[in-house]
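[1] Below are the sequence and a predicted model for it; my questions follow.
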Amino acid sequence: MGTPYTKNIDQIAPDLQNNLTRDLNILVKAIVADLSTEQNSPVDTGFFASSWTAATKRPRPDQPRLEHSPWSNIRPTRQGKPAPGAVVEPRFIDEIPNFKPFQKVFIGNRSQYAARALGSPRSKIPQYVQGKLRKLIQETFTNKKPKLAVATFGTGVRGEGRMVRFQGKGIGQFADSKSVFVDYETP
């Protein structure tokens, strides 16, 4: 028979695994909730800010605003301020699965114009990733820091004549020459 300490030592690995799983899932939902705010995402109708999600594959920008109520009924102002009746309401936060430690987790936006919104002068996402996100990770995890990045499909310019204002660690082409991946790692 082992000592009472033997039983506790046997539980160290499962306890650490459970804590890491819990912390990872808390962090992912906190990031999606933070990105789904007017403070971090540009808001005209609120659809972009409401379309953040997380998955084990890159979320595709496949959601047109005009097909989703109440955003289909809100007329965009395109004046740098929220339109009358703008709604910011996270659409996918309840559908986020539980992730396992060391599993790839992609946080992205499902609105069709995600690349353009990320490159908007009103977007505060680069500041969030490089500032508040780092602090959130440090508060959530004490031992192992995850590696996180922000990505988008498309260039974000769509004839507007201005470049995406991210200045991250790396930009590389996907197989599709019209798609760009912008990577911002937290240090």
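    Here it is on my side, so go on.
[2] I'd like to know which helix or strand in this protein has the lowest mean pLDDT.
    Lowest mean confidence among the helices and strands of the chain (mean pLDDT, DSSP states H and E): strand 170-173, at a mean of 40.
[3] can you give me the helices in this protein?
    4-10, 12-35, 114-118, 125-127, 133-140 (DSSP state H).
[4] Reformat those as a markdown table; add distance to residue 88, mean neighbour count and mean pLDDT.
    All C-beta atoms are positioned from the backbone trio N, CA, C, and that covers glycine. Formatted as a markdown table, the helices of the chain follow (distance: least, C-beta to C-beta, whole Å; neighbours: other C-beta atoms under 10 Å; pLDDT from 0 to 100):
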| stretch | distance to residue 88 | mean neighbour count | mean pLDDT |
| --- | --- | --- | --- |
| helix 4-10 | 46 | 9 | 61 |
| helix 12-35 | 11 | 16 | 89 |
| helix 114-118 | 13 | 24 | 90 |
| helix 125-127 | 14 | 18 | 89 |
| helix 133-140 | 19 | 15 | 84 |
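[5] Now tabulate these in JSON lines and tack on distance to residue 43.
    As requested, these are exported to JSON lines (distance: least, C-beta to C-beta, whole Å):
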{"stretch": "helix 4-10", "distance to residue 43": "50"}
{"stretch": "helix 12-35", "distance to residue 43": "12"}
{"stretch": "helix 114-118", "distance to residue 43": "9"}
{"stretch": "helix 125-127", "distance to residue 43": "12"}
{"stretch": "helix 133-140", "distance to residue 43": "19"}
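[6] for those, which one sits closest to residue 49?
    Closest to residue 49 of the helices of the chain, according to C-beta to C-beta: helix 12-35, at 7.5 Å.
[7] and the closest one, what other elements does it pack with?
    The contact analysis (3 or more C-beta pairs under 8 Å, 6 or more residues apart in numbering; DSSP states H and E) places helix 12-35 against strand 52-55, strand 106-109, helix 133-140.
[8] mean confidence score for the first one?
    So the one you mean is strand 52-55. The pLDDT scores in strand 52-55 average 96.
[9] Relative to it, what are the paired strands and their orientations?
    strand 106-109 (antiparallel) (DSSP bridges).
[10] Looking at the partner strand now, give me its mean pLDDT.
    For strand 106-109, the mean pLDDT works out to 94.
[11] Report the distance from it to the chain centre.
    Remark: strand 106-109 is offset 4 Å from the chain centroid, using C-alpha atoms, centre = their mean, to the nearest Å.
[12] Can I get that strand in CSV? Just the C-alpha atoms.
    As requested, the backbone C-alpha atoms of strand 106-109 are provided in CSV (Å, rounded to 0.1, in the frame of the first residue of the first chain):
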residue,chain,number,x,y,z
PHE,A,106,-8.3,29.5,-35.1
ILE,A,107,-10.1,32.6,-34.1
GLY,A,108,-11.6,34.4,-37.1
ASN,A,109,-14.5,36.4,-38.5
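[13] Give me the residues contacting it.
    By C-beta atoms under 8 Å, 6 or more residues apart in numbering, the residues outside strand 106-109 that reach it are 28, 31-32, 35, 48, 51-59, 61, 114, 117-118, 148, 150-152.
[14] Sounds good, over and out.
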